[in-house]
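# output the structure for:
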Amino acid sequence: MTVVSREDLIKMSLSLKEKGKIVVFTNGCFDLLHRGHVELLRQARELGDCLVVGLNSDRSVEKLKGSGRPIQSEENRAILLNALEAVDYVTIFDEETPLALICDLQPHVLVKGADYNTEEIVGGAEVSSWGGQVVRIPLIEGEATRDIIRRAAALERDKTS
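Have a look, this model is predicted:
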């Protein structure tokens, strides 16, 4: 379980594919690691031999989520992801979407949460075009980062009222 550069990841992926291994890819901000993330990653890992996680850089999280995000640095988020048994490799990408990374890696399976429609999944059409599979994992109700932030904000408001 290691954070690797895109270049090293592409080499490792090619090597795994040559050995007949199935490479699974998912991505996200993983700003506040929670049960929903852990379940998604565990289920994603069950779909193949190697799970690669594309982690949005701090800059890309701020562009996607707005000022004040991420709450945790990319280094901390990567360390937490690396500590999970389901995750084989983490790579950090700076773009707003992982499309270039997905195209470089060409995973067999692309996984996202079921909150995304199949047509909305970045890289889905590309993965399908080379014979790969796009899988949507059901979410655990109330276990999204935004839910945790809302609950924390409500608790803070209750303290000051």
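# looking at the protein, which helix is longest?
Ranked by number of residues, the top helix in the chain under DSSP state H is helix 145-160.
# that one packs against which elements?
Helix 145-160 sits against no helix or strand, with contacts defined as 3 or more C-beta pairs under 8 Å, 6 or more residues apart in numbering; DSSP states H and E. Glycine gets a C-beta too; all of them are placed from N, C-alpha and C.
# quick one: residue 62 is in a helix?
Yes - assessed by DSSP: H, G, I helix; E, B strand; the rest coil, residue 62 belongs to a helix.
# how close does it sit to residue 68?
8 Å (C-beta to C-beta, to the nearest Å).
# of the two, which one has the most company?
Using other C-beta atoms under 10 Å, the more surrounded residue of residue 62 and residue 68 is residue 62, with 15 against 8.
# how far away is the more buried one from residue 83?
24 Å.
# contacts only, for the residue of the chain most remote from its centre.
Residue farthest from the centre of the chain, counting by C-alpha atoms, centre = their mean, is residue 161 at 37.3 Å. By C-beta atoms under 8 Å, 6 or more residues apart in numbering, residue 161 lies in contact with nothing.
# which regions of this protein sit below the pLDDT cut-off?
Along the chain, segments meeting pLDDT under 70 span 1-2, 143.
# now do the helices in it.
In the chain, the helices defined using DSSP H lie at 6-18, 35-45, 58-65, 74-82, 99-105, 124-129, 145-160.
# how about those, which one is nearest residue 139?
Among the helices of the chain, helix 35-45 comes nearest to residue 139, with 5.9 Å by C-beta to C-beta.
# elements contacting that closest one?
Short answer (3+ C-beta pairs under 8 Å, 6+ apart): helix 35-45 packs on strand 23-28, strand 50-56, strand 109-113, strand 133-137.
# okay if I get the ones you listed as TSV plus mean neighbour count?
Formatted as TSV, those follow (neighbours: other C-beta atoms under 10 Å):
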stretch	mean neighbour count
strand 23-28	24
strand 50-56	24
strand 109-113	22
strand 133-137	18
